[in-house]
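Novice: what's the 3D shape of this:
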Amino acid sequence: MAASVAKKRKYSDEYINYGFTSILADGIEKPQCVLCFKVLGNDSMRPSKLKHHLTTIHPQFTERYPDFFKRHELSLGKQRLSESGAFQQHNLSVLEASYEVSIEIAKKKKKAHTIGEL
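Specialist: Numbering: from 1, shown residues only. Below is the predicted model:
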């Protein structure tokens, strides 16, 4: 009996109409929502499943024009994904604020260094 081979679906430019772009994860092209950054499986790369995600998770955006999703796609390109596909945004101002809080905690005499963990 021959082993079954999973069909690898290809991204189509029309999928941006449903709010999806593609991402390469583990060497496999997968659809990624430009609104919630969720990465779906390759088997979900078909219009009916992408439209289902849009209408159930983001119903307020179902009537948007493709330009709206394209703008979100461009901003997504400026952000990074971790190896697991989880969203991580590296922001310099957040890092600076963290250092400022750490300095203020260090300046406080007779306070435990753990007060910043609250």
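
Novice: show me where this protein has helices.
Specialist: With DSSP state H, the ranges of helices along the chain come out as 47-57, 66-77, 92-107.

Novice: which of these sits closest to Pro31?
Specialist: Smallest distance to Pro31 across these (Cβ to Cβ): 6.2 Å, for helix 47-57. Quick note: C-beta positions are derived from backbone N, CA and C, even for glycine.

Novice: next one: the closest one to chain centre, how far?
Specialist: Distance, stretch centre to chain centre, for helix 47-57: 16 Å (Cα atoms, centre = their mean, to the nearest Å).

Novice: any chance of JSON lines for the helices of the chain, columns distance to Lys10, mean neighbour count and mean pLDDT?
Specialist: Converted to JSON lines, the helices of the chain look like this (distance: least, Cβ to Cβ, whole Å; neighbours: other Cβ atoms under 10 Å; pLDDT from 0 to 100):
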{"stretch": "helix 47-57", "distance to Lys10": "13", "mean neighbour count": "15", "mean pLDDT": "92"}
{"stretch": "helix 66-77", "distance to Lys10": "17", "mean neighbour count": "14", "mean pLDDT": "84"}
{"stretch": "helix 92-107", "distance to Lys10": "37", "mean neighbour count": "10", "mean pLDDT": "76"}
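
Novice: among those helices, which is nearest Ile28?
Specialist: Short answer: helix 47-57, nearest of these by Cβ to Cβ, at 15.8 Å.

Novice: about what we covered before: distance to Asn17 for the helices of the chain - can I get that in TSV?
Specialist: Formatted as TSV, the helices of the chain follow (distance: least, Cβ to Cβ, whole Å):
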stretch	distance to Asn17
helix 47-57	8
helix 66-77	5
helix 92-107	33
